[in-house]
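J.: turn this into a model:
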Amino acid sequence: MVCIWYKGEKIDSNLRIASYTAHTQAVTLGPAYSQRETMYPNGSLLFQKVTLQDTGYYTLVALDKDAESIQVTGQLRVYQPVGKPALQASNATVTEHKDALVLTCLTNDRGISIRWLFKNQILPHKHRMKLSQDNNILTIDPVRREDTGSFQCEVFNPISSSKSDPLKLDVQYDPTLPSPGLSVGAMAGIVVGVLAGVALVAALAYFLYVRKTGGSMKLHILC
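T.: From the prediction side, this is the model:
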């Protein structure tokens, strides 16, 4: 019988946008009406030329023929296309195992998400990399030669996305710096490999010696 729209989560006469009364087929405009809304007999509310200011909650109150009230609230999210971000680096040329790198994604957009790209692929997370709480700052400490290449940041929201221009990082090697130590697993693998090689050479030499002497040694000694 009657449908009333309010801007916000509560029923407030000052926040009333419009109402429709069925038996008179009349639409009554309220204080929150912005001249961009149209209300239909089925209770629908049409927004034209939506703006970011329209983001928020809206409440509908419906009265049936028995004067029973039904109230529902919904949220409207309005997004705008994101602009192109800029990428800023603390230093574009760094030294391996010596320097740290700080990359900052600069954007004026709000309500967006940020991800990082390396060589046009999503940047894999490594223990040397740290992101700020909102993902706009990437820190790599220390850098390695495998970090050489192009970095980008991408900003996006549910309706659009945009990438920064690539920033090429040049990682130099300083021969005067000591090489990073091997892990325990790597050292153990090297030791096992060396011992296996020595054992193989010794077995081959022993086999050739037995053949050279005519194979006169007993089988159990060879074993």
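J.: could you work out the end-to-end span of stretch 75-91 for me?
T.: 44 Å (Cα to Cα, to the nearest Å).
J.: contacts for that stretch?
T.: 50-52, 54-58, 99-109, 111-112, 114, 151-165, 167, 169 (Cβ atoms under 8 Å, 6 or more residues apart in numbering). Just so you know, the C-beta spots here come from the backbone N, C-alpha and C atoms, and that holds for glycine as well.
J.: narrow those residues to those that are buried.
T.: Neighbour-count burial (16 or more other Cβ atoms under 10 Å) applied to these gives 54, 58, 99, 101, 103-105, 107, 109, 112, 114, 151-155, 157, 162-164, 167, 169.
J.: with adjacent residues omitted, what lies nearest to S161?
T.: E154 (5.9 Å; Cβ to Cβ, 6 or more residues apart in numbering).
J.: how about G149?
T.: G149's closest residue in space is K119 (Cβ to Cβ, 6+ apart), at 4.9 Å.
J.: measure the one you found to G56 for me?
T.: Using Cβ to Cβ, to the nearest Å, we find K119 at a distance of 41 Å from G56.
J.: ditto for T21
T.: Going from T21 to G56 by Cβ to Cβ gives 26 Å.
J.: try D141
T.: D141 is 42 Å from G56, by Cβ to Cβ.
J.: repeat that for G149.
T.: With Cβ to Cβ as the criterion, G149 and G56 are 43 Å apart.
J.: what pairs with the residue nearest to the spatial centre of the chain across the strands?
T.: Central residue of the chain (Cα atoms, centre = their mean): R115, 4.0 Å from the mean position. Using DSSP bridges, the bridge partners assigned to R115 are E154.
J.: where in the protein is pLDDT low?
T.: The model of the chain has pLDDT under 70 over residues 175-199, 201-223.
J.: and G56, what is it in contact with?
T.: 7-8, 75-76 are the contacts of G56 under Cβ under 8 Å, 6+ apart.
J.: recalculate using a threshold of 7 Å.
T.: 7, 76 (Cβ atoms under 7 Å, 6 or more residues apart in numbering).
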